[in-house]
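K.L.:
Kindly return the folded structure for what I paste below:
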Amino acid sequence: MDRPSMVEKRHAGAFRTHCNIQTVSQVLGDASALDALYHHSKTATCLKDTRMKIREDITTWMSQTNSSAICWVNGPAGVGKSCIARTIAEESQEGGKLAASFFFDDSKEALTTAERLFPTIAYQIARARPKILTSLSIGTVNYGASGYASGDASGDASLL
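P.N.:
Below you'll find the predicted structure:
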């Protein structure tokens, strides 16, 4: 017996909707900020042969399977963190290794908060690796004034 394309379930108090692949892709695409992708960023890339030590460190970290899950690049404003990140993203894309990118931008309201971060990342990963769409679940959770999920289906769309 075929399952319907939309099956609603209550799981751990949160409302979930398992969608068909086209629906998941559409919902993620609608919730994404595609102008946050590295190639839409106004950030410059590193000049040839500059910042090589940090770029090599990041590239080495990326190639290690036993490395930590997050590589945190920090420093004061204006030292080139975004420039390095965009360069790494561009090089990774050229090498077929970039799954997703997101660049915040104070000049674009939609890119000043994390609201669209996860849908944008999920959308890019799903497009880069279409098989992952079958693992994504889109649903709604109402956070209300308390900030805690109530499991009510009337809230904002969220990636679960």
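K.L.:
longest helix anywhere in the protein?
P.N.:
Determined from DSSP state H, the single longest helix within the chain is helix 81-94.
K.L.:
what's the following helix or strand after it?
P.N.:
Sequence-wise, the next helix or strand downstream of helix 81-94 (DSSP states H and E) is helix 117-128.
K.L.:
So which bits of that following helix are buried?
P.N.:
Residues 119-127 are the ones in helix 117-128 that count as buried (16 or more other C-beta atoms under 10 Å). (Glycine included, C-beta is placed from N, CA and C.)
K.L.:
can you tell me how far the spatially closest residue to residue 121 that is not a sequence neighbour sits from residue 129?
P.N.:
Spatial nearest neighbour of residue 121, chain neighbours left out: residue 100 (4.5 Å); criterion: C-beta to C-beta, 6 or more residues apart in numbering. To residue 129, residue 100 is 10 Å away according to C-beta to C-beta, to the nearest Å.
K.L.:
Looking at those two, which one has more neighbours?
P.N.:
Ranked by neighbour count (other C-beta atoms under 10 Å), residue 100 and residue 129 place residue 100 first, with 18 against 12.
K.L.:
my read: that one touches residue 117, true?
P.N.:
No. Counting by C-beta atoms under 8 Å, residue 100 does not reach residue 117; the two are 10.1 Å apart.
K.L.:
How is the protein divided into domains?
P.N.:
Split into domains by automatic domain parsing, the chain comes to 1-37+123-160, 38-101.
K.L.:
Mind telling me which of those the model trusts least?
P.N.:
Across the domains of the chain, domain 1-37+123-160 has the smallest mean pLDDT, namely a mean of 57.
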